[in-house]
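Enquirer: Fold the following and give me the result.
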Amino acid sequence: MCLAIPALIKLIEDKEAEAEIGGITRRISLWLTPEAKVGDYVLVHTGYAINILDEEEAKETLRLLLEIAELAEEQS
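Expert: Have a look, this model is predicted:
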């Protein structure tokens with residue numbers, strides 16, 4: 001199973017970006033989404049932005065992932 005996570009682009013330098021994922025900043029590649037810009041939400045898989053997301057969709061996905069994590073923690 002593969003999982004891609006929404007991230008918010010904070011800074012772009014050439015074909016790489018600093019993106020915030022759940023309060024953590026990571027460097028990601030923009031080779032597959034060269035049209036991405038600061039302030040965009042992108043879907044990140046294995047360090048690559050693979051798609052640009054609409055803000056509402058990104059926030060809903062992040063909310064659902066947090067809910068899943070909380071439920072998993074309750075059950076352990």
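
Enquirer: List the buried residues of whichever strand or helix holds Ile9.
Expert: Per DSSP states H and E: Ile9 is located in strand 5-13. For strand 5-13, burial by neighbour count (16 or more other Cβ atoms under 10 Å) applies to Ile5, Pro6, Ala7, Leu8, Ile9. No exception for glycine: its C-beta is placed from N, CA and C like everyone else's.

Enquirer: what's next to it, contact-wise?
Expert: When contacts are defined by Cβ atoms under 8 Å, 6 or more residues apart in numbering, strand 5-13 is touched by residues 17-22, 25-26, 28, 30, 36-45, 49, 53, 57-59, 61-62, 65.

Enquirer: Please state the offset of the helix or strand bottoming out on mean pLDDT in the chain from the chain centre?
Expert: Lowest by mean pLDDT, DSSP states H and E among the helices and strands of the chain is helix 55-75, with a mean of 93. Mean-position distance between helix 55-75 and its chain equals 13 Å (Cα atoms, centre = their mean, to the nearest Å).

Enquirer: could you check the angle strand 5-13 makes with it?
Expert: 130 degrees (axes from the mean of the first three to the mean of the last three Cα atoms, to 10 degrees).

Enquirer: May I see the buried residues of helix 55-75?
Expert: Ala58, Thr61, Leu62.

Enquirer: The last one: what's its closest spatial neighbour, skipping adjacent residues?
Expert: Excluding the flanking residues, the one nearest Leu62 by Cβ to Cβ, 6 or more residues apart in numbering is Pro6, at 5.6 Å.
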